[in-house]
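Student: one predicted model, sequence on top.
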Amino acid sequence: MVKKTEYSSEDEEKNKYDDLENKRIQSREGGGKKRIENQHSKGKLTARERIEILVDEDSFIELDSFVTHQSAKFDMSKNRPYGDGVVTGHAKIADRPVYLYSQDFTVFGGSLGRAQATKICKVMDLAVKTGTPIIGLLDSGGARIQEGVASLAGYGDIFFRNTLASGVIPQISVILGPCAGGAVYSPALTDFVLMNKENSFMFVTGPEVVKAVTGEEISFYELGGSEVHRSKTGICHLVGETEEETLGLVRKLLSYLPSNNLDDSPTYSPLPKVNEQLILRDLIPQKDNEPYDMKNIICTIVDSDSFIELQEDWAKNMIIGFSRINGDTIGIIANQPMFIGGSIDVNASDKASRFIRFCDSFNLPILTFVDVPGFLPGVKQEYEGLIRHGAKLLYAYSEATVPKISIIIRKAYGGAYIVMSSKHLGTDFNLAWPTAEIAVMGSEGACKVLYKNKLNDVEKPEEVLAEFAKQFKTEFATPYQAAELGYIDKVIFPEETRKEIILTLNILQNKREQTPKRKHGVPPV
Ligand code: HXC
């Protein structure tokens, strides 16, 4: 009798283990084999395959794999797949912890219902509590239609958390499928958006709605594909050719970032750079209006192969990105003379100011390379709000309390001199090369104003203007007036730049700056 009871309890126990195993298999299958095949046939990976590629081997711990929706309408009670269309949990990337969620398109098209939102919110809360970056892999039809307002509420809960986590932990969104409607606002609130070249789409209203409302006919790709967001809207920071490459870019990006706003970023041993600095002089053209590629200057000065440019194809007149100097992460901002002479426009202001605020939030020093003829003139720019957007840049530099260093390479004219990390906005060390021209405006423009009457009275005004401009340039378009006034701390030879930056960053590492007590400022957003 006793024995029989023992057998039956063993059986019962075995069944419990089998039951768990079966539930796990069901959960892992998501929407089933057919839908997985369908996902593959579109050239897309599944939610779990993506996680496998993204994180360190065997490091992923899944949470909430048995969560199901509780909706009954539209016959939903008959279909309650485990996981509810999202895989969530924590893992390691380069041996550092991350939280993540990966939407599973094979389950209700990855659409977000109440249960999916609650799962995502749980990992977001855990990420903030533990000071760990959060990564979202998005592939979703948006709000789950069958769940109505409950799914809208779920999005609201996510946006709220995105906002509270901003400046506390790095937030990264990777768009690997559709991301439509209000759903796009979670990525837009996060720090970095990555897209896959094909199959990634972001728009507030899709092609069908656009056609119904405006009559315009447009494809998914043309309306919200990676090309649009990398070059027209600036929403996307990095684009990968394939999903594997896109996920690799996430790993690379994380290698520059601290895990939270109280943490240090990882350090790396730099490769030796002995004689490279000598070529810097040759990178600047003889003529002051001749363009050159500022990226060559940046890459020569920073640690080898360490520069990662963000938003590369949008507002190309302003370069932003992360790099390392002597192994430590720095944020880089630079004018790019190759595009509209490096002048500052609406988009360049937005691009740089958001990046400055990111660096400031996460204690990353800011290094600015200056070659700027001014703000971009024009009716279009004025109407687009150059005043308001330019003010964002002034605000961001002034507000940032992290170590700030600037180097004037060539032009620094007018308001653009002030805005590009000048001494007057609290920059700690302002350096200039002997090629720097710091003035209210370019020599010719200045002489046209100064000598207007004289030029009206002469026979060959162009020749006289050129002579005046030459004299003006020699006398005023140099770094020395600014150096005499202490606005430039040091005029240096180009080949001294790397060493100066390393030593200066070293002395600034314990910088502490107090700002007036307030709830928050009101930037001209
Ligand atoms: C419920 C959805 C869904 C959704 C897709 N599915 N989107 N189920 N709610 N929002 C389901 C489909 O019914 C289908 O189920 C499966 O997912 C795959 O979808 P397909 O249409 O077959 O896939 P595909 O041809 O690749 O097209 C993908 C798509 C399309 C472009 C995303 O499904 C689509 O247009 N969906 C609607 C997108 C949308 O308008 N969402 C609402 C946005 S508004 P079966 O069972 O047939 O496999 C919004 C508001 C958020 O999100 C507000 C936040 C503040």
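Tutor: Now that the structure is in, tell me what you want to look at.
Student: and the next element down the chain from the longest strand along the chain?
Tutor: Assignment by DSSP state E gives strand 404-413 as the longest strand of the chain. Counting by DSSP states H and E, the next helix or strand C-terminal to strand 404-413 is helix 414-419.
Student: using CSV, write down the CA coordinates of that next one.
Tutor: The C-alpha trace of helix 414-419 is given here as CSV (Å, rounded to 0.1, in the frame of the first residue of the first chain):
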residue,chain,number,x,y,z
GLY,A,414,30.7,85.5,-34.9
GLY,A,415,28.0,83.8,-32.9
ALA,A,416,29.2,80.5,-34.0
TYR,A,417,32.6,81.2,-32.2
ILE,A,418,30.6,81.6,-29.0
VAL,A,419,28.3,78.6,-29.4
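Student: any buried residues in that helix, and which?
Tutor: 414, 416-417, 419 (16 or more other Cβ atoms under 10 Å). Any C-beta I mention is one placed from the backbone N, CA and C, and that applies to glycine too.
Student: and if you look at stretch 358-375?
Tutor: 358-375.
Student: can you check stretch 272-290 too?
Tutor: 277, 280, 284, 288.
Student: ok but the last one is inside a helix, no?
Tutor: No. Under DSSP: H, G, I helix; E, B strand; the rest coil, Asp288 falls outside any helix and is assigned coil.
Student: tell me which residues touch it, please.
Tutor: 410-411, 437 (Cβ atoms under 8 Å, 6 or more residues apart in numbering).
Student: what residue in the stretch 301-450 of the chain comes nearest to the ligand?
Tutor: Residue nearest to the ligand within the stretch 301-450 of the chain (Cβ to the nearest ligand atom): Arg354, separated by 22.0 Å.
Student: am I right that that residue is in a helix?
Tutor: Yes. Counting by three-state DSSP, Arg354 is located in a helix.
Student: tell me how many other residues crowd it.
Tutor: Residues near Arg354, counting by other Cβ atoms under 10 Å, number 17.
Student: show me what the residue nearest the centre of the chain bridges to in the sheet.
Tutor: A centroid search over the chain (Cα atoms, centre = their mean) returns Phe192, at 3.9 Å, as the residue closest to the centre. Beta-bridge partners recorded for Phe192 (DSSP bridges): Ile172.
Student: so which residues of the stretch 351-500 of the chain form helices?
Tutor: Listed in chain order, the helices found in the stretch 351-500 of the chain under DSSP state H, counting those that start in this stretch are 379-383, 386-399, 414-419, 443-450, 452-457, 461-476, 480-484, 497-508.
Student: over to the stretch 51-200 of the chain?
Tutor: 114-130, 149-165, 185-189.
Student: on that earlier part again, make a markdown table out of the contacts of Asp288 and add distance to the ligand and pLDDT.
Tutor: Shown next, in a markdown table, are the contacts of Asp288 (distance: Cβ to the nearest ligand atom, whole Å; pLDDT from 0 to 100):
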| residue | distance to the ligand | pLDDT |
| --- | --- | --- |
| Arg410 | 47 | 96 |
| Lys411 | 45 | 95 |
| Glu437 | 50 | 94 |
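Student: which parts of the longest helix seen in the chain are buried?
Tutor: Assignment by DSSP state H gives helix 2-29 as the longest helix of the chain. For helix 2-29, a neighbour-count test (16+ other Cβ under 10 Å) marks 27, 29 as buried.
Student: so Ser304 sits right up against Ser269, yeah?
Tutor: No. With contact defined as Cβ atoms under 8 Å, Ser304 and Ser269 do not form a contacting pair (11.3 Å).
Student: so which of these two has more stuff around it?
Tutor: Ser304 (13 against 9).
Student: check contacts around that one.
Tutor: Counting by Cβ under 8 Å, 6+ apart, Ser304 has contacts 270-271, 273.
Student: got TSV for these, with secondary structure and pLDDT too?
Tutor: Listed next are the contacts of Ser304 as TSV, based on DSSP: H, G, I helix; E, B strand; the rest coil; pLDDT from 0 to 100:
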residue	secondary structure	pLDDT
Pro270	coil	87
Leu271	coil	81
Lys273	coil	79
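Student: wait, which of those residues is closest to Ile297?
Tutor: For the contacts of Ser304, the residue nearest Ile297 by Cβ to Cβ is Lys273; the value is 13.7 Å.
Student: who's the nearest residue to Gly415 once chain neighbours are set aside bridged to?
Tutor: Counting by Cβ to Cβ, 6 or more residues apart in numbering, Gly415 lies nearest to Phe375, which is 6.0 Å off, once chain neighbours are set aside. Beta-bridge partners for Phe375, by DSSP bridges, are Ile344.
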